[in-house]
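S.K.: Requesting a structural model of the entry that follows:
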Amino acid sequence: MSNAETSQSGALSYLQTFSLRCEPFADAIDSRFFYAGTTLMQRLDLLTHLTQFGEAVVLVSGAPGSGKTTLLTRFVEQTNSQWRLCLIDGADDFAQFPQRLAEVLTLGSVSSEQQLLGHWVAQTDNSQLLVILVDDADQLDESALARLSALCAQPWANRIRIILFGVPEAQQRLKQAFEQGTSSTSTQQLEMPRLSEEETSSYLMYRLAVAGYSGESPFTPTEVRALCKAAGGRPSDINRLA
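M.R.: As a prediction, this is how the structure comes out:
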């Protein structure tokens, strides 16, 4: 039997043993497994508030596996109906920025982003906001950041919010791009929380329950403590170790 077949056999046995409908700790974004823990929901509520009432630019920072993309996905799912969302996934996706804006703003012709936004502002009222969400923003080069910063220097900048998700090491560079650029736009920072030992225990049981498990936790307190410590409270690493 090959390694792949052995792995698949082990996974099937694992699912059968615990009467699970699906893999509870898969490394994939799945809205069914969104864990609405207190600290994460506080971040989600704060992000929503900052988008509606705060500064134009919000920097969301967290180590790989801390749940940034999960937070982004949940934010999109419960967004305000008056917001137009433009999603950008890293540097390669940013190359299509004008086209994405044209699609989001339902404008036929594709021109520069500033022209597109000028047309949109002229055709809509102040209740509508354009929210530009960039995942893996640390991949953006200085030219891309300068283009985003330039949007904040326009007369209609109050109609735009830019939310950048990236690793902590890139936050200073992202911050400087806006605060020292042509727009001189201040930024607000939001850090991803890490799960405590108690939250880790609840998180594990929640994912198991969604997958169909019922009963006492298969993880001992010692195992939960070890998982939390080894993963540094990061959900992705907790999934992998679990």
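S.K.: Please enumerate the strands of the protein.
M.R.: For the chain, the strands defined by DSSP state E cover 57-61, 83-89, 129-135, 160-166, 187-191.
S.K.: What pairs with the second one, parallel or antiparallel?
M.R.: By that I understand strand 83-89. Strand 83-89 has its sheet partners listed here by DSSP bridges as strand 129-135 (parallel).
S.K.: List the buried residues of the partner strand.
M.R.: Residues of strand 129-135 classed as buried: Leu129, Leu130, Val131, Ile132, Leu133, Val134, Asp135 (neighbour count, 16 or more other CB atoms under 10 Å). To be clear about C-beta, it is placed using only N, CA and C from the backbone, and glycine gets the same treatment.
S.K.: what's near enough to touch Phe75?
M.R.: Applying CB atoms under 8 Å, 6 or more residues apart in numbering, we find Phe75 in contact with Leu44, Leu47, Thr48, Leu133.
S.K.: Can you get me a residue count around Leu148?
M.R.: Neighbour count of Leu148, defined by other CB atoms under 10 Å: 27.
S.K.: Excluding chain neighbours, what is closest to it?
M.R.: With sequence-adjacent residues excluded and distances taken as CB to CB, 6 or more residues apart in numbering, Leu148 is closest to Ile162, at 5.7 Å.
S.K.: what's the answer for Pro221, then?
M.R.: Pro221 sits nearest to Ser201 (CB to CB, 6+ apart), 7.7 Å away.
S.K.: Just confirm that neighbour contacts Val224, I think it does.
M.R.: Yes: contact between Ser201 and Val224 holds when scored by CB atoms under 8 Å: they sit 4.8 Å apart.
S.K.: any chance you could map the helices in this structure?
M.R.: Listed in chain order, the helices of the chain (DSSP state H) span residues 3-17, 38-53, 68-77, 90-94, 97-104, 113-123, 142-151, 171-179, 197-210, 221-231, 235-241.
S.K.: Including mean pLDDT and distance to Leu190, could the ones you listed go into TSV?
M.R.: Converted to TSV, those look like this (pLDDT from 0 to 100; distance: least, CB to CB, whole Å):
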stretch	mean pLDDT	distance to Leu190
helix 3-17	60	36
helix 38-53	92	6
helix 68-77	92	9
helix 90-94	91	19
helix 97-104	90	23
helix 113-123	88	24
helix 142-151	93	17
helix 171-179	91	10
helix 197-210	94	18
helix 221-231	96	21
helix 235-241	93	17
